[in-house]
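Novice: dropping a prediction and its sequence here:
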Amino acid sequence: MEIAQVPNTSEEAPVPSSKMARALTPWLGAALAIIGIIWASGIVVDLGIALITEQVICGVLGLTFAIIFLNIRAGNQRLRHLPWYDALAALVGFILGWYLFFRYPLLLDQVAYLPVESSIVGFLLIVLTAEALRRTAGWGLLCVLFVFMAYGLLGHLVPGVLSGRSLELSKFFSYLGVDTNALLGTPLIIIFTVVVIFIFLGQVLLRSGGSEYFTDLAAALMGHSRGGSAKIAVVASGLFGSISGSAVSNVAS
């Protein structure tokens, strides 16, 4: 007697990726990882190439935009083809990121003399970042972003010690997109210079069987005790963390 299998509807199946996404995503992801490894290794500095961290992050951001818009649909559509607007967003994000890679030092140094260009670049960066954030993290985190953006624009209307300065809309987007204290600030620098490298290390250990060794060792040490499953997870994660030094890479790998 066969038992009918009830489909699991509690989780949505992944959206089928298009042929273009399947072809381009591995190359884009590999380029992102290679750039991170080269930058972290210090080869660029040793060769005497004049690059700043934010400049490289712009290129990485362009790769990230392309990966997101090629693979994650705007809504709940289950489309096997790539919609034109997703292809356009991926192309614009990629071009914008690498345009900033070459243009960023000049924009940063002469932002006061290039107000139109810096405002347009900042506006496009914020729009693409907001949509990419919505697709990957949902509306909750996007609303948090909008709250802080609203405070940046309307902070001068807030009474008391929380009152801010009045800011023109063009200067607002210019600041968010180009300044090193905004989008291209510390969080993104840490993700690129630290987290990406450790995630790569975690994947290397995972593919080479290193993570299985840590799990087997933890099971041998803690499997016989009460609450063994939880203890195995903690010990295995701790063993891997002793090598990677990153909690994020433990979760991602």
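Specialist: Perfect, I can see it now.

Novice: centre of the chain to stretch 91-101, how far?
Specialist: 15 Å (C-alpha atoms, centre = their mean, to the nearest Å).

Novice: same thing with stretch 179-197?
Specialist: Put simply, stretch 179-197 sits 10 Å off its chain's centre (C-alpha atoms, centre = their mean).

Novice: low-confidence stretches in this structure?
Specialist: 1-17, 76-79, 227, 243-253 (pLDDT under 70).

Novice: mind giving me the domain ranges of it?
Specialist: Domain assignment for the chain by automatic domain parsing gives 19-184, 209-252.

Novice: could you dump these to JSON lines with mean neighbour count?
Specialist: Where C-beta positions appear, they are placed from N, C-alpha and C, glycine not excepted. What follows is those, written out as JSON lines (neighbours: other C-beta atoms under 10 Å):
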{"stretch": "domain 19-184", "mean neighbour count": "16"}
{"stretch": "domain 209-252", "mean neighbour count": "15"}
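
Novice: nearest to Phe198, out of those?
Specialist: Between Phe198 and those, the shortest separation by C-beta to C-beta is 3.6 Å, and it involves domain 209-252.

Novice: those helices in this protein, which residues are they?
Specialist: Listed in chain order, the helices of the chain (DSSP state H) span 19-41, 43-46, 53-71, 84-109, 115-137, 139-154, 169-178, 186-190, 196-208, 210-222, 228-244, 247-252.

Novice: next up, the contacts around Val60.
Specialist: Leu32, Ile35, Gly36, Gly97, Phe192 (C-beta atoms under 8 Å, 6 or more residues apart in numbering).

Novice: just put the domains of the chain in JSON lines and tack on distance to Leu201.
Specialist: Listed next are the domains of the chain as JSON lines, based on distance: least, C-beta to C-beta, whole Å:
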{"stretch": "domain 19-184", "distance to Leu201": "10"}
{"stretch": "domain 209-252", "distance to Leu201": "6"}
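
Novice: Ile197: which of those domains is closest?
Specialist: Using C-beta to C-beta, the domains of the chain put domain 19-184 closest to Ile197, at 5.1 Å.

Novice: surely His81 touches Ser18?
Specialist: Yes. Shown here, His81 and Ser18 form a contact pair, counting by C-beta atoms under 8 Å, at 5.5 Å.

Novice: kindly export stretch 186-201 (C-alpha atoms) in CSV.
Specialist: Extracted as CSV, the C-alpha positions of stretch 186-201 are listed here (Å, rounded to 0.1, in the frame of the first residue of the first chain):
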residue,chain,number,x,y,z
THR,A,186,32.1,51.1,7.4
PRO,A,187,29.5,48.3,7.2
LEU,A,188,30.0,47.7,3.5
ILE,A,189,33.8,47.9,4.0
ILE,A,190,33.7,45.3,6.7
ILE,A,191,31.5,43.0,4.6
PHE,A,192,33.8,43.2,1.6
THR,A,193,37.2,43.1,3.4
VAL,A,194,36.3,40.6,6.2
VAL,A,195,33.0,38.7,5.7
VAL,A,196,33.4,37.8,2.1
ILE,A,197,36.9,36.3,2.7
PHE,A,198,35.7,34.2,5.6
ILE,A,199,32.6,33.0,3.7
PHE,A,200,35.0,31.9,1.0
LEU,A,201,37.1,30.1,3.5
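
Novice: can you tell me the centre-most residue of the protein?
Specialist: The residue lying closest to the centre of the chain (C-alpha atoms, centre = their mean) is Thr64, at 6.4 Å.

Novice: now do the contacts for that residue.
Specialist: Neighbours of Thr64 in contact, by C-beta under 8 Å, 6+ apart: Leu32, Gly93, Gly97, Ala132.

Novice: can you rerun that using 7 Å?
Specialist: Leu32 (C-beta atoms under 7 Å, 6 or more residues apart in numbering).

Novice: for the remainder of this discussion, apply numbering that starts at 20.
Specialist: Will do, 20 is the new start, and the previous item becomes Thr83.

Novice: look up how far Ala156 lies from it.
Specialist: From Thr83 across to Ala156, the span is 13 Å (C-beta to C-beta, to the nearest Å).
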